[in-house]
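[1] Compute the structure for the input listed below.
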Amino acid sequence: MLKVRGEVSKVLPWDQGFLVFGREQIVGYDPSGEELLSFQINSPESNLRCSDATVLPDGSVVFGTIHRELADASGSLMCLSPEWKLSVIERGLEIPNGLGVLPDDSGTLFVDSTSQTVFQYSLADSELAPLTNKRVFGEIDSVLGVPDGLAMDSEGCCWIALWGGGKVIRLNPSGEIDCQIEIPTPNPTSCAFDSEHNLWITSATETLLHTDFNSSGAGGVWMVPAMIHGARGLTPHIAKLKIDANLISHATSPLHPSSTRT
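    Numbering: from 1, shown residues only. Model prediction:
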């Protein structure tokens with residue numbers, strides 16, 4: 001077990017080891033857990049933190065930033081290239097959440113929790129604008145819960161945790177719900193497939209009274225065997241963020257990202 005400094009929102013595979021997304025920084029570790037570099041994303045005074053993230057086919061990383069108090073339109077969707085160049089894909093978001101790459105590598109899905117919508121982007125061969133052509137993939141009725149983290153399967157279906165709904169749903173490639181898995185706690189946060197295609201579901205204790213979350217299983221992790229849900233997960237792309245002395249020096253200094261969309 002590796003104990004890292006600060007809060008953790010996402011861990012992604014990296015060709016040097018793995019990347020940990022925290023409140024203000026992305027920290028790179030080698031396979032043994034030794035810290036190699038720390039790349040600052042959010043300033044301490046901004047009250048922003050990193051949210052979900054995914055690796056694109058070219059090895060770059062797309063991730064969200066979110067205001068810790070959910071201030072209106074303070075979130076962003078961002079991309080970090082293999083050369084550690086930071087660009088802003090979209091500003092003015094409130095709760096940017098789940099991210100995943102389609103199985104044919106043609107695009108990504110992105111959850112905007114506030115709008116109850118899953119969007120699809122096309123991939124573009126551009127370092128400054130890697131995601132384009134934003135459009136609706138599916139909309140989720142608020143009665144079911146708020147869409148949060150997601151996982152993609154080999155058929156192009158999207159498995160989404162529904163905060164407040166106590167379930168994970170699957171949207172087929174047409175954006176329609178064709179499967180639901182209930183868990184015994186109201187706030188699932190995300191889901192992921194392991195190498196044997198079992199589906200793992202995480203949950204939160206936030207917003208629940210202390211007397212409630214012990215009995216409801218809040219904060220627990222559930223595993224749904226592959227033989228039950230019948231889907232197959234995808235082999236994740238590996239981040240290819242380069243490492244050298246100059247980049248380490250640059251990574252520990254404040255950033256001023258360029259914006260491709262306002």
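[2] Not counting its own residues, what contacts stretch 225-233?
    151-155, 157, 159, 170, 179, 181, 192-194, 196-199 (C-beta atoms under 8 Å, 6 or more residues apart in numbering). Bear in mind the C-beta positions are built from the backbone N, C-alpha and C, glycine included.
[3] ok, now with 10 Å
    With C-beta atoms under 10 Å, 6 or more residues apart in numbering as the test, stretch 225-233 has contacts from 103, 151-155, 157, 159, 168, 170, 179, 181, 191-200, 224.
[4] same thing with stretch 41-49?
    Identification of contacts with stretch 41-49 by C-beta under 10 Å, 6+ apart yields 6-7, 9, 21-26, 50, 63-69, 71, 74-76, 78, 80, 86, 251, 254-255, 257.
[5] Show the buried residues in those residues.
    Buried subset of the contacts of stretch 41-49 (neighbour count, 16 or more other C-beta atoms under 10 Å): 9, 21-26, 50, 63-67, 74-76, 78, 80, 251.
[6] so where's the stretch 1-150 of the chain shaky on pLDDT?
    5, 127-128 (pLDDT under 70).
[7] and if we set it to 90?
    The stretch 1-150 of the chain contains residues with pLDDT under 90 at 1-7, 23-24, 38, 40-49, 67-74, 94, 124-130.
[8] in the stretch 51-200 of the chain, which spans are strands?
    Under the criterion DSSP state E, counting those that start in this stretch, the stretch 51-200 of the chain contains strands at 61-67, 75-80, 86-93, 96-101, 107-112, 117-123, 131-139, 146-152, 158-163, 167-171, 177-182, 188-193, 199-203.
[9] got those as a markdown table, with distance to residue 16 columns?
    Output for the strands of the stretch 51-200 of the chain, formatted as a markdown table (distance: least, C-beta to C-beta, whole Å):
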| stretch | distance to residue 16 |
| --- | --- |
| strand 61-67 | 13 |
| strand 75-80 | 14 |
| strand 86-93 | 18 |
| strand 96-101 | 20 |
| strand 107-112 | 23 |
| strand 117-123 | 23 |
| strand 131-139 | 24 |
| strand 146-152 | 24 |
| strand 158-163 | 29 |
| strand 167-171 | 32 |
| strand 177-182 | 35 |
| strand 188-193 | 21 |
| strand 199-203 | 25 |
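[10] bridging residues for residue 29?
    In this entry, residue 29 is beta-bridged to residue 18, residue 35, by DSSP bridges.
[11] Start and end of stretch 126-137, how far apart?
    This stretch, stretch 126-137, spans 23 Å end to end (C-alpha to C-alpha, to the nearest Å).
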